[in-house]
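**Student:** Got a predicted model here, sequence first, then my questions.
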Amino acid sequence: MIEAGVTPLQGLEEAMVSYALANHYRERRAELLSHPAATTRFSKGAGECLTFWTEARSKTWLREQGLSIPRGEVVPADEAVGAAGAIGYPVVLKAVGDEFLHKTEARAVAVSLAGAVAVATAASDMQSRLGVGELLIEEMVDGAVAELIVGIRCDPQVGYGLLLGSGGILAELVDDSTTLLLPVTHQEVLQALSSLKVGALLQGYRGRSAADVEAVADLVCGLCSAVLGSDGRILEVDLNPVLALPAGRGAVIVDASLGVTAGH
């Protein structure tokens, strides 16, 4: 039997389990190879030095890919009040610069600013304390069911990997994440989200509103497709948090950092 290419197995149950696993491998392999981005899973730029874009530039790219970003604009610090009024209160104020990838620690973000006086005060404080010339003014998005972290990283050995987990400050405090290899399907993202501890919140924990999980999965799949279609330019993505809003309201990327191949 072995010479004929047939693997002998002892026991009917063991044989059926082995057959099921082999069939699953065949189906999964065919599914991956049929994906239009399968051939780009291994990036030509993997392992190269990265340049990290500012939040504003990262969000510009994400918006161009059709992903949901809060309304906002980058303006000189002395034009913050006018920009906030045009966007509509409440707003969020953020310092712009390569050195502000971690804004909370640098006190480079002010949230829930409900009027011109609050915006002017926050802008003046950041300008004098941080020496910033430009600020990112965005609409304040509230009412989230849960905060998520969505990350992508390209490894030279295994290709692009996707991280999903509890976001915001919980990303560092709670062990709640899962990883998938790209490309991924909509259903795989839904299953990954439901496997998380935060998945209970997404489904409507103890009578609370359920999140727009379909919109979250759409956002994640759209991001993955965009990264795989970047021809190796985008090697790292850190979205934290992504707000999962109540059913029907979608999902929004609140903070973003993209790592690109040097020179881009």
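**Tutor:** Looks like it arrived, so ask away.

**Student:** any idea how far the residue positioned nearest the centre of the chain lies from residue 118?
**Tutor:** The centre of the chain sits closest to residue 150, judged by CA atoms, centre = their mean, with a distance of 3.1 Å. From residue 150 across to residue 118, the span is 30 Å (CB to CB, to the nearest Å). C-betas here are computed from N, CA, C, even on glycine.

**Student:** again, but for residue 7
**Tutor:** Counting by CB to CB, the separation of residue 7 from residue 118 is 71 Å.

**Student:** cool, residue 109 as well?
**Tutor:** Going from residue 109 to residue 118 by CB to CB gives 14 Å.

**Student:** re the thing from before, so the residue nearest to the centre of the chain is in contact with residue 224, correct?
**Tutor:** No - using CB atoms under 8 Å as the test, residue 150 is too far from residue 224 to be in contact (9.4 Å).

**Student:** can you count the residues close to residue 168?
**Tutor:** Other residues near residue 168 come to 19 when the count uses other CB atoms under 10 Å.

**Student:** ok, now residue 173?
**Tutor:** Neighbour count for residue 173, taken as other CB under 10 Å: 9.

**Student:** what mean pLDDT does the helix or strand hosting residue 252 have?
**Tutor:** For residue 252, the host element (DSSP states H and E) is strand 251-253. Averaged across strand 251-253, pLDDT comes to 99.

**Student:** name the helices or strands packed onto that strand?
**Tutor:** Counting contacts by 3 or more CB pairs under 8 Å, 6 or more residues apart in numbering; DSSP states H and E, strand 251-253 is packed against helix 213-228, strand 234-244.

**Student:** ok, the helix or strand following it: who's next to it in the sheet?
**Tutor:** Next helix or strand after strand 251-253 toward the C-terminus (DSSP H and E): strand 256-261. Its sheet considered, strand 256-261 pairs with strand 50-52 (antiparallel), strand 234-244 (antiparallel) by DSSP bridges.

**Student:** Now do strand 256-261 and helix 213-228, the angle between them.
**Tutor:** Interaxial angle, strand 256-261 versus helix 213-228 (axes from the mean of the first three to the mean of the last three CA atoms, to 10 degrees): 20 degrees.

**Student:** how far does strand 256-261 sit from the chain's center?
**Tutor:** Relative to the chain's own centre, strand 256-261 is displaced by 11 Å; criterion: CA atoms, centre = their mean, to the nearest Å.

**Student:** Contacts for it, please.
**Tutor:** Residues outside strand 256-261 that contact it (CB atoms under 8 Å, 6 or more residues apart in numbering) are 45, 48-53, 55, 57-59, 61-62, 69, 101, 232-239.

**Student:** what does stretch 208-224 give?
**Tutor:** Taking CB under 8 Å, 6+ apart as the rule, stretch 208-224 contacts 37, 62, 65-68, 145-146, 148, 150, 152, 160, 162, 164, 182-186, 189-190, 193, 201-204, 237, 239, 242, 244-251, 253.

**Student:** among these, which are in strands?
**Tutor:** 146, 148, 150, 152, 160, 162, 164, 237, 239, 242, 244, 251, 253 (DSSP state E).

**Student:** now, the most widely separated pair of those?
**Tutor:** Farthest apart among the ones in strands among the contacts of stretch 208-224 by CB to CB are 146 and 160. That separation is 24.6 Å.
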